[in-house]
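1. Got a predicted model here, sequence first, then my questions.
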Amino acid sequence: MRGGLPARLARVAQMLARLPGVGEKTAQRYALFFATTADEATARELGTELVTLREHVRPCERCNHIAEVGEDGRARCAICLDTRRDGTLLCIVARVQDLLAIERSGAMRGRYFVLGRLLSPLEGVGAEDLPLEALRSRLQDPGEPIREVLVATPPSVDGEATALLLAREMGAMGIQVSRIASGVPHGGDLEFADQVTLGRAIEGRKSFG
């Protein structure tokens, strides 16, 4: 028993606490819910889905987004399979979470490529650790030639370094490269914006009226 909890329940709480954004108290509430409140069918169904999740879901073989494995054993995401998308526009993001955020905006109707990580010398991540070869193959696919690449890495030190590397790589291939704009958030006050954000907002200004 740990803290009055049976050892098995405490072990489940410890495992749940490993999830991002889940603290020890929240993990304990989840474990107690499945042990005492939720009906048995719910707990069993969740357990079954978790066991089979890694077997049936893996990165899309074309863009690295999350995809379900088809009957042919191949993993293709819904975005890559959507024929209504603009196949000449490719948006490069760092993480699947970034892709999902852009999709929620509804502003991007092209396709994506997920890097999975950013350049980070402090963490020992160099250019050789990025999937640049897979990206080159994607850009050179004759079945869907790319006209423009939109680099949508975050406006951080690592994100900017990665964007510069990608621009250099793709510039050598003769592909048009653009970068997401950054500036004052909607509803924000100028007095609270930092100097870099304000500077980029002014540099990226558009005609109006």
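-> Great, that's in hand. Just so we're clear, the structure is a prediction, and the values are computed from it rather than from any experiment.
2. How far off centre is the helix ranked longest in the chain?
-> The residue-count maximum for a helix in the chain (DSSP state H) belongs to helix 40-56. Relative to its chain's centre, helix 40-56 lies at 24 Å (C-alpha atoms, centre = their mean, to the nearest Å).
3. I'd like the mean pLDDT over it, please.
-> Averaged across helix 40-56, pLDDT comes to 90.
4. so where do the helices sit in this protein?
-> 7-16, 24-32, 40-56, 78-81, 96-105, 132-139, 157-171, 195-203.
5. any idea which of the ones you listed is most buried?
-> Mean neighbour count, computed with mean count of other C-beta atoms under 10 Å, is highest for helix 157-171 among the helices of the chain, reaching a mean of 17. Yep, even glycine has a C-beta here, placed from its N, CA and C like the rest.
6. got the CA positions of it in CSV?
-> Backbone C-alpha positions of helix 157-171 (Å, rounded to 0.1, in the frame of the first residue of the first chain) are rendered in CSV as follows:
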residue,chain,number,x,y,z
VAL,A,157,15.6,30.2,-31.5
ASP,A,158,15.4,26.6,-32.6
GLY,A,159,12.5,27.2,-34.9
GLU,A,160,14.3,30.0,-36.7
ALA,A,161,17.5,28.0,-37.0
THR,A,162,15.5,25.2,-38.5
ALA,A,163,13.7,27.5,-40.9
LEU,A,164,17.0,29.0,-42.1
LEU,A,165,18.3,25.5,-42.8
LEU,A,166,15.2,24.5,-44.7
ALA,A,167,15.3,27.7,-46.7
ARG,A,168,18.9,27.0,-47.7
GLU,A,169,18.1,23.4,-48.6
MET,A,170,15.1,24.2,-50.7
GLY,A,171,16.5,27.3,-52.2
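7. what would the helices of the chain look like in CSV with distance to Pro185?
-> Compiled in CSV, the helices of the chain are given as follows (distance: least, C-beta to C-beta, whole Å):
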stretch, distance to Pro185
helix 7-16, 33
helix 24-32, 29
helix 40-56, 35
helix 78-81, 26
helix 96-105, 13
helix 132-139, 30
helix 157-171, 17
helix 195-203, 9
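8. Tell me which of those helices lies nearest to Glu123.
-> Nearest of the helices of the chain to Glu123, taken as C-beta to C-beta: helix 157-171 at 8.4 Å.
9. Report all helices and strands that the closest one contacts.
-> Packing partners of helix 157-171 (3 or more C-beta pairs under 8 Å, 6 or more residues apart in numbering; DSSP states H and E): helix 132-139, strand 148-151, strand 176-179.
10. Mind checking the pLDDT average for that helix?
-> For helix 157-171, mean pLDDT is 92.
11. what distance separates it from the centre of its chain?
-> Using C-alpha atoms, centre = their mean, the offset of helix 157-171 from its chain centre is 17 Å.
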